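**Student:** pasting the sequence and the predicted model now:
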Amino acid sequence: MVSSDQRRRQLAREKFERQQQRREEARRRTRRLTVIIASSVAVVAVIGVGAYLSLDGDDTKNSADAAASASPSASPSESESKAPEPAMEIDKKAQYTMSLRTSQGDIGIAMDAAKTPHTTNSFKALADKGYFDDTKCHRLTTEGIFVLQCGDPKGDGTGGPGYTIPDENLTALGKAGDTGSVTYPAGTVAMANTGQPGTGGSQFFLVYKDTELPPSYTPFGTMDDAGLKAVKKVAEAGVAEGAGDGAPKKAVTVEKVTVDKA
C-alpha cells in the first residue's frame, strides 16, 4: 500500500520534473525564435544595403544568458554554440569552502574538489569575478521537496553563465531503484538543471529538510549548522505567493560569494 504521504511526495517530484522540462522547452523555443529573427535581419540588411552582421564574444554570451533555462542553464542543441566552461585551475585533491553572505545570514558550504572538480572549479571561477554578488534566491519549495534555489543573476529562474558543466558525484546518495527515490539529506547543496544530463550552469539548491529526488542533481557540498538554520528560517516564513513553490516571502539576497581552499 502506498501511503497518502508517499503519494504526495511522488506527485511533488513529478511536478518538479515537469516544470524543469517545460522550462527547457520554453528556452529552446526562445532560442529558435532568436535565430529566426536574427537571420531575417541579416537577410534584409544584405538585400537592402549589402551589409553584414557580426557578433563579438560578449554579445554571443549575452544572447546565451538571455536564453538560459530556469534550472539553471540549459545545454544547447547540436546546432547551437555555447561558451566553454572555465579552464581547470583548482587543486582537484583539495577541500574548498564556499561562503555565502546573505541578507538572512551567512551560509558556509564544504566542497570536495576530488568528487566534484568541474562543479567546484566553476563556482570558484564565477565567485572570483563577482557573478553571484547581489543576486536573489528566486525559488522556495515547501511541499514535497524542501529546497531554496539560488545562483541566477537574473533572479527569475532564467539565467545562467552561458556554459554548462557535466554531472558529477551522482552515486553519492545511492542509486535510483534501490529504495525508490534517492534522498537528498537536509544540509545538502546540489546543482539545479533542466532535467537533462549535463545541463548544470550556475543555479543550485540548498536542501533544508530531507528531500526525495532522482539522483540526477550533482551533490557538491554540505551546509554548516548556521547556514542550515538560516535557510530553515526562510522556509518557515513560506512562499510569497501561491502554495508551496515560488519566491520566498522572506527575500534572500546573496550579497557576496567566495570560494577558498580550506
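**Tutor:** Structure received.
**Student:** mind listing the strands for the protein?
**Tutor:** 95-102, 105-112, 135-136, 139-141, 147-150, 182-184, 188-191, 204-207, 211-213, 219-223, 245-246, 253-261 (DSSP state E).
**Student:** show residues contacting the second one.
**Tutor:** Applying C-beta atoms under 8 Å, 6 or more residues apart in numbering, the external contacts of strand 105-112 come out as 95-100, 119-120, 123, 189, 206, 220-224, 226-227, 229-231, 233, 259, 262. For glycine as for every other residue, the C-beta is placed from the backbone atoms N, C-alpha and C.
**Student:** could you redo the last one with a cut-off of 7 Å?
**Tutor:** Contacts to strand 105-112, defined as C-beta atoms under 7 Å, 6 or more residues apart in numbering, come from residues 95-100, 120, 189, 220-224, 226-227, 230.
**Student:** just the first one next, same as before
**Tutor:** The contact list for strand 95-102 (C-beta under 7 Å, 6+ apart) reads 90, 106-113, 120, 123-124, 221, 252-262.
**Student:** any of those buried? List them.
**Tutor:** Burial by neighbour count, 16 or more other C-beta atoms under 10 Å: within those this picks out 90, 107-113, 120, 123-124, 221, 252, 254, 257, 259.
**Student:** need the worst-confidence member of those residues.
**Tutor:** The lowest pLDDT within these belongs to Asp112, with 91.
**Student:** beta-bridge partners for it, please?
**Tutor:** Note on Asp112: beta-bridge partners by DSSP bridges are Gln95.
**Student:** residues near Val147, how many?
**Tutor:** 27 (other C-beta atoms under 10 Å).
**Student:** contacts only, for the residue nearest to it when sequence neighbours are not counted.
**Tutor:** Leaving aside its sequence neighbours, Val147 sits nearest to Phe205 (C-beta to C-beta, 6 or more residues apart in numbering; 4.0 Å). Going by C-beta under 7 Å, 6+ apart, Phe205 touches 147-149, 190, 192.
**Student:** go again with 10 Å.
**Tutor:** By C-beta atoms under 10 Å, 6 or more residues apart in numbering, Phe205 lies in contact with 71-72, 137, 139-141, 145-151, 184, 188-192, 211, 213, 217.
**Student:** can you give me the pLDDT of it?
**Tutor:** In this model, Phe205 carries a pLDDT of 98.
**Student:** next one: Asp134
**Tutor:** 97.
**Student:** ok, now how distant is Pro214 from Leu173?
**Tutor:** 10 Å (C-beta to C-beta, to the nearest Å).
**Student:** now for the two: what residues contact both?
**Tutor:** The contact lists of Pro214 and Leu173 share Val182, where a contact means C-beta under 10 Å, 6+ apart.
**Student:** the more surrounded of those two?
**Tutor:** Leu173 (17 against 14).
**Student:** in space, not sequence, find me the middle residue of the protein.
**Tutor:** Taking C-alpha atoms, centre = their mean, the centroid of the chain lies closest to Gln203, which sits 2.1 Å from it.
**Student:** show me where pLDDT drops low in the stretch 151-262 of the chain?
**Tutor:** Applying pLDDT under 70 to the stretch 151-262 of the chain flags the ranges 176-181.
**Student:** now with 80, please.
**Tutor:** Scanning the stretch 151-262 of the chain for pLDDT under 80 picks out 174-182, 242-243.
**Student:** if any of the contacts of Phe205 are buried, give me the PyMOL selection for them.
**Tutor:** The buried residues among the contacts of Phe205 can be selected in PyMOL (16+ other C-beta under 10 Å) with this line:
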select buried, resi 71+72+137+139+140+141+145+146+147+148+149+150+151+184+188+189+190+191+192+211+213+217
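**Student:** check the gap between Thr116 and Glu168 for me.
**Tutor:** 4 Å.
**Student:** could you do Gly195 as well?
**Tutor:** In terms of C-beta to C-beta, Gly195 sits 17 Å off from Glu168.
**Student:** just the C-alphas of stretch 251-262, formatted as PDB.
**Tutor:** What follows is stretch 251-262 as a C-alpha-only set of coordinates in PDB (Å, rounded to 0.1, in the frame of the first residue of the first chain):
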ATOM      1  CA  ALA A 251      13.500  37.600   0.500                       C
ATOM      2  CA  VAL A 252      17.100  36.300   0.300                       C
ATOM      3  CA  THR A 253      19.800  38.400  -1.400                       C
ATOM      4  CA  VAL A 254      23.200  36.800  -1.900                       C
ATOM      5  CA  GLU A 255      25.400  39.800  -1.100                       C
ATOM      6  CA  LYS A 256      28.800  38.100  -1.600                       C
ATOM      7  CA  VAL A 257      30.100  34.700  -2.500                       C
ATOM      8  CA  THR A 258      33.700  33.500  -2.100                       C
ATOM      9  CA  VAL A 259      35.300  30.100  -2.800                       C
ATOM     10  CA  ASP A 260      38.600  29.400  -1.000                       C
ATOM     11  CA  LYS A 261      40.800  26.400  -0.400                       C
ATOM     12  CA  ALA A 262      40.200  25.000   3.000                       C
END
